[in-house]
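> Quick one: sequence plus predicted model below, questions after.
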Amino acid sequence: MKYKDIFFDLDRTIWDFEKNSLNCLQDIYEENALINKSVSSFDVFFKIYKNYNKILWDAYRKDEIKKEFLRVERFRLTLQHFHIYDDLLANKLGDDYIDKSPLQTALFPHSIDVLDYLFQKYTLHIITNGFKEVQYVKLQNSKLRKYFKNIFISEEVGVKKPHPKIFEYAVGKSNTKIETSIMIGDDLAVDILGARNVGMDQIYFNPQQKEHSEKITYEIASLDEIMRIL
Ligand SMILES: [Mg+2]
């Protein structure tokens with residue numbers, strides 16, 4: 001058996017970030033009665049939020065902004081789009097999201113089957129760029145914690161994927177080798193090219209089958225395909 005250790009990304013690879021985020025924001029939208037504050041509909045609110053969140057996350061990943069800023073700014077900009085200038089409300093939405101989103105438990109199809117299968121054969125770990133106060137709660141609530149020996153969170157390591165150091169650190173701390181490790185993730189630039197850059201094999205989880213021209217070890221559209229590879 002070539003591989004010993006499997007490093008998983010968490011958000012959008014196992015934990016269904018889009019579905020969970022949508023559910024959580026819908027609750028927040030209703031609880032804070034945003035419809036009464038000139039936000040026309042939840043769908044529009046979600047679309048605008050998603051757009052700002054993506055822009056800010058890209059900046060966060062490049063260390064251009066701090067997480068405290070991202071946390072509130074995505075809501076401040078979304079509210080501003082609807083001509084709501086209320087920093088207190090933006091702060092509250094930011095807090096609500098951090099409190100509530102990790103309580104969501106939607107996982108991608110076949111997640112548990114695949115983890116049960118891999119857990120018998122390999123040592124599993126997580127490498128994530130998510131916030132530390134959120135990721136541990138997610139893992140616990142979604143009943144995923146037991147599958148993973150180590151959880152490597154960029155905030156605790158000091159660098160984010162795709163920085164080579166986070167992969168090297170994870171391999172070292174797991175007492176394993178790059179050559180016997182494989183990375184599974186949904187983000188081509190962050191997870192897959194990050195791993196490839198340090199010489200680690202990769203499985204690119206690409207459910208929407210986005211086109212690209214990178215040479216990668218394996219590519220899958222559904223998680224159950226992992227059981228044919230590993
Ligand atoms: Mg991901």
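Perfect, thanks for sending it.
> List, one by one, the residues from this structure near the ion.
9, 11-12, 186-187 (CB under 5 Å from the ion). All C-beta spots, glycine's among them, are computed from the backbone N, C-alpha and C.
> who's Asn150 bridged to?
Legend: beta-bridge partners of Asn150 under DSSP bridges are His125.
> Could you check how many residues crowd around the nearest residue to Ser41 once chain neighbours are set aside?
Nearest non-adjacent residue to Ser41, counting by CB to CB, 6 or more residues apart in numbering: Ile35, 7.5 Å away. For Ile35, the count of nearby residues is 13 (other CB atoms under 10 Å).
> Per-residue pLDDT of Ile35, please?
For Ile35, the model assigns a pLDDT of 81.
> can the residues of the chain next to the ion go into JSON lines with extra columns for pLDDT, secondary structure and neighbour count?
Shown next, in JSON lines, are the residues of the chain next to the ion (pLDDT from 0 to 100; DSSP: H, G, I helix; E, B strand; the rest coil; neighbours: other CB atoms under 10 Å):
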{"residue": "Asp9", "pLDDT": "98", "secondary structure": "coil", "neighbour count": "25"}
{"residue": "Asp11", "pLDDT": "97", "secondary structure": "strand", "neighbour count": "20"}
{"residue": "Arg12", "pLDDT": "97", "secondary structure": "coil", "neighbour count": "17"}
{"residue": "Asp186", "pLDDT": "98", "secondary structure": "coil", "neighbour count": "21"}
{"residue": "Asp187", "pLDDT": "98", "secondary structure": "coil", "neighbour count": "20"}
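> Dump those residues to JSON lines, plus distance to Phe42.
Output for the residues of the chain next to the ion, formatted as JSON lines (distance: CB to CB, whole Å):
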{"residue": "Asp9", "distance to Phe42": "28"}
{"residue": "Asp11", "distance to Phe42": "22"}
{"residue": "Arg12", "distance to Phe42": "21"}
{"residue": "Asp186", "distance to Phe42": "25"}
{"residue": "Asp187", "distance to Phe42": "27"}
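> For the top helix by length along the chain, buried residues please.
For the chain, the longest helix by residue count, based on DSSP state H, is helix 42-61. Of the residues in helix 42-61, 42, 45-46, 48-50, 52-53, 56, 60-61 count as buried by neighbour count, 16 or more other CB atoms under 10 Å.
> residue contacts, Thr123?
4-6, 149, 174, 176 (CB atoms under 8 Å, 6 or more residues apart in numbering).
> cutoff 6 Å now
By CB atoms under 6 Å, 6 or more residues apart in numbering, Thr123 lies in contact with 5, 149.
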